[in-house]
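Asks: Sequence unavailable; structure follows:
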């Protein structure tokens, strides 16, 4: 368990992923008091799969969008 916690704390991939989650959350909540957050609760990660998105003919969830952004900005990080 200690080694797993240490991996989470030192992983650049997780840091990048959580940074994108925070950025997207602030964008979606822009113009509201919640739009300039410095962090988020971990249960937010579970809720992301319920947020639907549509880009043209592409349907999916917020998770799909975030993983796409992760691959675009940090190619290969998700394959660690």
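Replies: The structure has been received and is ready for your questions. The structure presented is a predicted model; accordingly, all values stated were derived computationally and were not measured.

Asks: Can you find the helix or strand in this protein with the smallest mean pLDDT?
Replies: Within the chain, no helix or strand scores below strand 52-55, which has a mean of 79 by mean pLDDT, DSSP states H and E.

Asks: who does that strand pair up with?
Replies: As defined by DSSP bridges, the strand partners of strand 52-55 come to strand 58-61 (antiparallel).

Asks: ok now the partner strand, how far from the chain's centre?
Replies: On the basis of CA atoms, centre = their mean, to the nearest Å, strand 58-61 sits 15 Å off its chain's mean C-alpha point.

Asks: Show the pLDDT at the residue nearest the centre of the chain.
Replies: The residue lying closest to the centre of the chain (CA atoms, centre = their mean) is residue 21, at 2.7 Å. Per-residue confidence (pLDDT) for residue 21: 95.

Asks: same question, residue 34
Replies: Reading off the confidence values, residue 34 has pLDDT 83.

Asks: Backbone torsions only: list them for it.
Replies: Main-chain dihedrals, residue 34, degrees, to the nearest 10: phi -90, psi 0.

Asks: residue contacts, the residue nearest to the centre of the chain?
Replies: Contacts here follow CB atoms under 8 Å, 6 or more residues apart in numbering; on that basis residue 21 touches 40, 44-45, 48, 66. From N, CA and C alone the C-beta is placed, and that goes for glycine too.

Asks: Mind checking which of the residues you listed are buried?
Replies: Neighbour counting by 16 or more other CB atoms under 10 Å classes 48, 66 among the contacts of residue 21 as buried.

Asks: ok, which pair from the contacts of residue 21 is furthest apart?
Replies: With distances taken as CB to CB, the most widely separated pair in these is 40 and 66, at 12.7 Å.
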